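Q: structure, please.
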Amino acid sequence: MRPISVYVHVPFCTYKCGYCDFNAYAGLESLIPAYRDALVAEIGGYAEVLAGREIATVGFGGGTPSEMPPEGIAAVLDALRAAAPIAGGAEITLEANPGTLTGEHLAGLRSAGVTRLSLGAQSFDAGELRFLDRIHSPEATASALRLARGAGFESVNLDLMYGLPGQTLAAWEASLRAAIALEPDHLSCYCLTVEEGTPLARRVRAGTVATPDGDLAADTYDRAGELLADAGFAQYELSNWARPGHESRHNRVYWTWGEYLGIGAGAHGFVGGERSENIAHPRAYIEAAMRGMRGSAVLAAYTPDAAMMIDDYVSSCLRVTEGFALDAFAREFGGRLEAMAPRWLADCEAAGWLERADGRLRLTLRGRQLHSEVVVRLMGALGAV
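A: Below is the predicted model of the structure:
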């Protein structure tokens, strides 16, 4: 059976952080029971899409998926199993807020079938957590990880954030060392991005918060790689490091051109070459999804043109450290990348951003910080063809 993955978006949060531009809402917890039913109904509408396929991974993202009770998570997984078999040993991952977890809740999630937990630690500096509007303390993250181990989770990730206004290299190192000391299996390190429309962007524009220092963020990223390598973590994607056997299989689907069905408010999907995006607001999503018809909650769906598809492929696959096989690209698109964008490839190799080895194209160590520039230049080259 052809594998497919499923992403389930849970948009509820206790408090929406000032830097967040995700499809997330605070104060709508009363909708959770109806939302669970809508997720089940939407899954039922995709029975034909899932027929004859095996679900390889499931990812619950948000928002804060741990806001949904374990029985709600179990109901969603039961609906998926009714539509298609979930592979034995499948990775089922769920994002959680360290400040709202209890041992009982975590045990319930584990019993529901969740196999991997991702904790939004963000920082181990209390002042940085306040700046980020996080509702948990450094101690709460440590406690949540211990409780997760006690509940039987053998794969736990910590999210960390760097590039904060005023953050020093020493402060970042301290947070990273505190995270490493808790012995997680995986670490995701993301640079703070000031997104338009967020409270943080308004503060930066008003001058009450300094613009993040890009050069310092680059140094911080390099230091993360050094410290994590010394601690036994291998970098396998631009922002992700793992101990052996603990790479995120679900996220790898996104980065390696796999197919995934998007379920939930604002969820994105990629199936059969078509990209889709669901209705964003939970109330409107619930009303649409409860019709139980295929695509009833979809806001927009489209098939990218050839240039956009190639750009998407290269952009995604260059995120993983091994890059992609040039022969695989040729099979996918009916032509060789070397012929489609020869100047782009030559220029990026000459700049030391890209390298070819064993028939694969990948970013160099230097190029990992310039991924966006590499991709923008490719789009320009493809548009000129």
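Q: what comes into contact with stretch 31-38?
A: Under the criterion CB atoms under 8 Å, 6 or more residues apart in numbering, residues 10, 12, 67-69, 72, 75-76, 265, 282-283, 285-286, 289-290, 297 lie in contact with stretch 31-38. All C-beta spots, glycine's among them, are computed from the backbone N, C-alpha and C.
Q: could you pick out the longest helix of the protein?
A: Using DSSP state H, we find that the single longest helix of the chain is helix 214-230.
Q: where does the protein have low pLDDT?
A: Counting by pLDDT under 70, the chain shows low-confidence ranges at 1, 384-385.
Q: where does the helix or strand where V376 lies sit relative to the chain's centre, distance-wise?
A: Using DSSP states H and E, V376 falls within helix 371-383. For helix 371-383, the separation from the chain centroid amounts to 22 Å (computed by CA atoms, centre = their mean, to the nearest Å).
Q: what's the separation between the spatially most central residue of the chain and E95?
A: The structure's the chain has its C-alpha centroid closest to N251; by CA atoms, centre = their mean the separation is 6.1 Å. N251 sits 11 Å away from E95, taking CB to CB, to the nearest Å as the criterion.
Q: who's in contact with F270?
A: The neighbourhood of F270, defined by CB under 8 Å, 6+ apart, consists of 259-260, 262, 276.
Q: one more time with 7 Å
A: 259-260 (CB atoms under 7 Å, 6 or more residues apart in numbering).
Q: three-state assignment of it?
A: At F270 the chain is in strand, as set by DSSP: H, G, I helix; E, B strand; the rest coil.
Q: which residues does it bridge with?
A: For F270, the beta-bridge partners under DSSP bridges are Y260, R275.
Q: begin at 619 from here
A: Okay, using 619 as the starting number, the last item reads as F888.
Q: could you measure from it over to G880?
A: For F888 relative to G880 (CB to CB), the value is 8 Å.
Q: equivalent analysis for N641, please.
A: 11 Å.
Q: that older thread, and the contacts of stretch 649-656, which two are the farthest apart?
A: The span of these, defined through CB to CB, is set by P687 and A915 at 21.8 Å.
Q: who's more crowded, those two?
A: Shown here are P687 and A915; by other CB atoms under 10 Å, A915 has more neighbours (30 against 16).
Q: wait, that one touches I904, no?
A: No: in this structure A915 lies outside contact range of I904 using CB atoms under 7 Å: 8.8 Å.
Q: checking my notes, G863 in a strand, right?
A: No: if the criterion is three-state DSSP, then G863 is coil and not within a strand.
Q: what number of residues are in the vicinity of it?
A: G863: 8 neighbours (other CB under 10 Å).
Q: and what of P703?
A: By other CB under 10 Å, the residues close to P703 number 13.
Q: how much space separates it from S623?
A: From P703 to S623 the distance is 13 Å (CB to CB).
Q: also A708?
A: When CB to CB is the yardstick, A708 and S623 sit 9 Å from each other.
Q: shared neighbours, the two?
A: 673-675.
Q: quickly note the distance from W875 to G721.
A: 39 Å.
Q: between the two, which one's more packed in?
A: W875 (17 against 14).
Q: wouldn't the more buried one be in contact with Y931 here?
A: Yes: in this structure, W875 is within contact of Y931 by CB under 7 Å, at 5.7 Å.
Q: for the stretch 819-968 of the chain, what spans make up the helices?
A: 832-848, 867-873, 900-907, 924-935, 944-951, 955-958, 960-968 (DSSP state H, counting those that start in this stretch).
Q: also the stretch 669-818 of the chain?
A: Ranges of helices in the stretch 669-818 of the chain, per DSSP H, counting those that start in this stretch, are 688-701, 721-730, 744-749, 756-768, 787-799, 817-824.
Q: distance to A924 added to the ones you listed, as CSV?
A: As requested, the helices of the stretch 669-818 of the chain are arranged in CSV below (distance: least, CB to CB, whole Å):
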stretch, distance to A924
helix 688-701, 32
helix 721-730, 42
helix 744-749, 44
helix 756-768, 45
helix 787-799, 41
helix 817-824, 34
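Q: quick one: contacts for P629?
A: Per CB under 7 Å, 6+ apart, neighbours of P629: 641-643, 680-681, 883-884, 900.
Q: next, give phi and psi for it.
A: Backbone geometry at P629, expressed as degrees, to the nearest 10, gives phi -90, psi 10.
Q: OK, contacts around the residue lying closest to G815 once chain neighbours are set aside?
A: For G815, ignoring the flanking residues on the chain, the nearest one in space by CB to CB, 6 or more residues apart in numbering is D639 at 6.3 Å. Taking CB under 7 Å, 6+ apart, we find D639 in contact with 813, 815-816.
Q: repeat for T718
A: T718 makes contacts with 632, 684, as judged by CB under 7 Å, 6+ apart.
Q: how much space separates it from L657?
A: Using CB to CB, one gets 20 Å for the distance from T718 to L657.
Q: can you tell me what sits against the longest helix of the chain?
A: 780-781, 787, 790-791, 794, 805, 807, 809, 853, 859, 987.
Q: report how many residues lie close to R974.
A: Look at R974: counted by other CB under 10 Å, it has 13 neighbours.
Q: for A644, list each beta-bridge partner.
A: C631.
Q: roughly how far does A968 sit from R961?
A: 10 Å.
Q: quick revisit: of A708 and S623, which one has the most company?
A: Neighbour totals were compared for A708 and S623, and S623 leads with 24 against 20 (other CB under 10 Å).
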